[in-house]
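Trainee: what's the 3D shape of this:
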Amino acid sequence: MNRKNHDVEKQRYWQRTIGDAARSGMSIREFCRQRRLKESQFYLVATQTEGQPPGAEQVGYSCPFGKAA
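Mentor: You can find the predicted model right below:
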């Protein structure tokens, strides 16, 4: 698999995972624990792809760095 295909697959994986987390009804911590994901990595990727992590509006979170390019 070349690098471009790998990057596309990785992006699809994270988009799917972020969507699953948003629909799960679980806290991000619990979702990551069950999926054996690092919570910090989840938030990093979610912030880079979405501008803010899922559920952020529910807890009054706003990304201090704005939407990532």
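Trainee: pLDDT on stretch 30-43, on average?
Mentor: When the per-residue pLDDT values of stretch 30-43 are averaged, the result is 94.
Trainee: start at 11, not 1
Mentor: With the count now opening at 11, the last piece we talked about shows up as stretch 40-53.
Trainee: buried residues of it, list them for me.
Mentor: Neighbour-count burial for stretch 40-53, with 16 or more other Cβ atoms under 10 Å as criterion, is recorded at 41-42, 52-53. Where you see a C-beta, it was placed from the backbone N, CA and C, and this is true even at glycine.
Trainee: contacts made by it with the rest, please.
Mentor: The list of residues contacting stretch 40-53 from outside it, by Cβ atoms under 8 Å, 6 or more residues apart in numbering, reads 27-28, 30-31, 34, 36, 38-39, 63.
Trainee: in helices only, show me these.
Mentor: 27-28, 30-31, 34, 38-39 (DSSP state H).
Trainee: quick one: low-confidence ranges for the chain?
Mentor: Applying pLDDT under 70 to the chain flags residues 11, 60-79.
Trainee: thanks again, I'm all set now.
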